[in-house]
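K.L.:
got a sequence here, can you build the structure:
(2 chains)
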Amino acid sequence: MTTAVIPSVGTAPAKSHFRIGDRVADVWSLTRRNLIHISREPMQLSDVTIQPVLFTLLFIFVFGSGIPIPGGTYKDFALAGLLTLNLTTSVMGTAVGLSTDLHEGVIDRFRTLPMWRSAILVGRSIADVMSAALCVTIVALTGLAIGWRGSASIPSIVGGFALALFFSYSLSWVAACVGLNSKGPESAASFGFIVLFPLAFISNALVPTQHMPGWLQVIADWNPVSAVTAGARHLFGNPNPSATASAWPMQHPVEAALIWSVVILAVAAPLASYFFKRRTTE
Amino acid sequence: MIEAEGLTKRYGETQALAGVDFAVPAGSILGVLGPNGAGKTTAVRILTTFATPDSGRATVAGHDVVTEAAEVRRHIGVAAQDATLDELLTGRQNLALIGELSRMSRSASKARATELLDRFELTFAADRIMKGYSGGMRRRLDLAASMMTRPPVLFLDEPTTGLDPSSRLRMWDVIRELVGDGVTLLLTTQYLDEADTLADKIIVIDHGTVIAQGTPRELKKASKGARLEVTLSAPHPDAVTALQQLVEGRVQVSEEGRVLDAAVDNSPGLATAVVRALDAAGVLVDNIEVRQPSLDDVFFSLTGHPAEVAEAPELEGASL
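P.N.:
Here you go, the predicted model:
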């Protein structure tokens, strides 16, 4: 049968061979969709807008008064830590968002379309990077407002923010793996409390690790969050007490942060794409 | 236009399909009738490239659903059982997104969205978030989405399940219009009357196999499931005798003697014959009703077991 015998039925879309332009268009359409979601439910963004402001103010004024920092103020010490903390916990949004899409059947609909399926994952990760960048901006502005200053050059400070952003991008692919394997949005959200909070807190982000019990200090010094935080402190030219720790990542925090981010990305992104295929194939 | 041969599919312990064959000629409607868990949705999922069959083969618009899945996707529209659009987008944004992801240009996609919103009487809600849509509006929007690219083949999985009667009738009108446009349509349903009004041909599926097929008329004739219910003005001693020759089996009389009930076949003019017979016997009739066979009745007569079995396994498998 052809459409010729049934005049009022239009021809099917033109035969498409693989074209990079099509893939970019798919990714852009889906990124826009995720951005519309954010604009519809601004509270979705609270973990990258309100939470960073609250955390920054609470930690700096409440904790800061009781934690002495060798060679500087708690304010200058804590900003890089709060940056990493907020970015780390915000990747929960990726897990919840993907899980919601799978749960509500939107992805089922996409699967009947002649689109590039991986665009679903890529589009989401681009929207996530955008909201993470917003989080970075808000932490930086809050910090500046209460008197945080970096003492390094502007490019170096920007590099510090970029380092943290890159790490959260890598981590968002781990969150994607979790979202793709979760039973529903709620169980995806619990991932945040069970994994992300300990990950963010058992680190040098908010307190120097020197006074932790020995075994905890080892965990903290090798935690990727610590490497990213120490790396950012180093690049900001802020006090970095971790530099006296003997663990390799603390001695080379920028390199360690980059290695962690690249390794996590190299493992989690292909894995997410595998889980996605598995979840959407019968 | 759609051809299936020996399709089988197993989800864990459940044999969802156990060898299903059928064909849908271009421009016609096939109604796939069966209870929950019969395998309807599985069949649709295979034909729409969601799932791959364990064995057997199927083609849609001349393309194999397994080896040429991408080609198939460019010729079909699918309205799944649960509306599958984005709750947080407006109706218009949803349609435009589907269009863009189907390789339509942004402007063509927008224009088509406007046209379909109008056709499905959704223009008034076009720029509202879908979250606030009623069940009927969602289904119409879902159907509109499946028609964005004017696909020559449409799959509608239980398009009216869960709708109130007036939304249901509206949906039927929309579906009839589609066929007027020359679309080939496969429609699954649990309702015999739906298949009856819309389909050119019906297949009945149970436990993953086709247990009957034919035109709606042939099928109902075979089912003999209709029931006659007569309400008399007052109990009458000759009423049962007058009815007995027109019905099959025993006439049942209600306690107070006014309501008579019996199984009947679907012969034309049955009600007239009943009224005449009762009138001749001097019986006054208040009400007379011939109830068409329900899906349960059809099932019972075709399979000897009631319709509702094995509901959960298929749903579970299908949502994997």
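K.L.:
quick one: terminal-to-terminal distance for stretch A:241-250?
P.N.:
9 Å (CA to CA, to the nearest Å).
K.L.:
kindly apply the preceding question to stretch B:65-82 instead.
P.N.:
22 Å.
K.L.:
can you tell me if it touches chain A.
P.N.:
Yes. Against chain A, stretch B:65-82 shows contacts by CB under 8 Å from any CB of the partner chain at B:70, B:73-78, B:80, B:82. Every C-beta, even on glycine, is put in place using the N, C-alpha and C of the backbone.
K.L.:
take the residues you listed and keep only those in helices.
P.N.:
By the criterion of DSSP state H, membership of the residues of stretch B:65-82 next to chain A in helices covers B:70, B:73.
K.L.:
can I get the residues of stretch B:65-82 next to chain A in a markdown table with pLDDT and neighbour count?
P.N.:
Formatted as a markdown table, those follow (pLDDT from 0 to 100; neighbours: other CB atoms under 10 Å in any protein chain shown):
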| residue | pLDDT | neighbour count |
| --- | --- | --- |
| B:70 | 86 | 13 |
| B:73 | 89 | 23 |
| B:74 | 88 | 20 |
| B:75 | 90 | 21 |
| B:76 | 91 | 27 |
| B:77 | 89 | 27 |
| B:78 | 89 | 27 |
| B:80 | 79 | 23 |
| B:82 | 72 | 14 |
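K.L.:
ok, which stretches of the stretch 1-150 of chain A are helices?
P.N.:
With helices called from DSSP state H, counting those that start in this stretch, the stretch 1-150 of chain A shows them at A:20-40, A:50-58, A:74-90, A:92-104, A:106-111, A:119-145.
K.L.:
and residue B:27, which of those is closest to it?
P.N.:
With CB to CB, the closest approach to residue B:27 among the helices of the stretch 1-150 of chain A belongs to helix A:106-111: 25.4 Å.
K.L.:
and the closest one, average pLDDT?
P.N.:
Mean pLDDT, helix A:106-111: 84.
K.L.:
returning to that earlier point: can you tell which of the helices of the stretch 1-150 of chain A is closest to residue B:249?
P.N.:
That would be helix A:106-111 among those, by CB to CB, at 46.7 Å.
K.L.:
and the closest one, does that touch chain B?
P.N.:
Yes. Using CB under 8 Å from any CB, we find that helix A:106-111 touches chain B at A:106, A:108-111.
K.L.:
could I get the pLDDT score of residue B:262?
P.N.:
pLDDT at residue B:262 comes out at 84.
K.L.:
how near is the residue nearest to it when sequence neighbours are not counted to residue A:110?
P.N.:
In this structure, residue B:262 finds its nearest non-sequential neighbour in residue B:247, 3.8 Å apart by CB to CB, 6 or more residues apart in numbering or on different chains. Residue B:247 sits 54 Å away from residue A:110, taking CB to CB, to the nearest Å as the criterion.
K.L.:
show me where pLDDT drops low in the chain?
P.N.:
Unless you meant another one, I'm taking chain A. A:1-18, A:282 (pLDDT under 70).
K.L.:
switch to chain B, that's the one I care about
P.N.:
B:83, B:220-225, B:266, B:293-301, B:303-320.
K.L.:
if we can go back for a sec, as JSON lines, the helices of the stretch 1-150 of chain A with mean neighbour count would be great.
P.N.:
Converted to JSON lines, those look like this (neighbours: other CB atoms under 10 Å in any protein chain shown):
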{"stretch": "helix A:20-40", "mean neighbour count": "17"}
{"stretch": "helix A:50-58", "mean neighbour count": "18"}
{"stretch": "helix A:74-90", "mean neighbour count": "27"}
{"stretch": "helix A:92-104", "mean neighbour count": "24"}
{"stretch": "helix A:106-111", "mean neighbour count": "21"}
{"stretch": "helix A:119-145", "mean neighbour count": "20"}
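K.L.:
hang on, the earlier thing: list the contacts of the residue nearest to residue B:262.
P.N.:
Residue B:247 sits next to B:228, B:262-264 when contact means CB atoms under 8 Å, 6 or more residues apart in numbering or on different chains.
K.L.:
from those, which two are the most distant?
P.N.:
B:228 and B:263 (7.7 Å).
K.L.:
if we can go back for a sec, looking at the contacts of residue B:247, which are in strands?
P.N.:
Using DSSP state E, the members of the contacts of residue B:247 that fall within strands are B:228, B:262-263.
K.L.:
report the buried residues of stretch A:58-71.
P.N.:
A:59-60, A:64, A:69 (16 or more other CB atoms under 10 Å in any protein chain shown).
K.L.:
wasn't residue B:59 part of a strand?
P.N.:
Yes. Judged by DSSP: H, G, I helix; E, B strand; the rest coil, residue B:59 forms part of a strand.
K.L.:
report how many residues lie close to residue 244.
P.N.:
Using chain A here. Neighbourhood size, residue A:244 [other CB atoms under 10 Å in any protein chain shown]: 12.
K.L.:
chain B was what I was after
P.N.:
Residue B:244: 14 neighbours (other CB under 10 Å).
K.L.:
check contacts around it.
P.N.:
residue B:251.
K.L.:
give the full set of residues in contact with residue B:9.
P.N.:
B:15-17, B:39, B:42, B:46, B:51, B:53-54, B:208.
K.L.:
ok, now which ones touch the residue most central in space within chain A?
P.N.:
Nearest residue to the geometric centre of chain A (CA atoms, centre = their mean): residue A:168, 3.0 Å. Counting by CB under 8 Å, 6+ apart, residue A:168 touches A:87-88, A:90-91, A:132, A:135.
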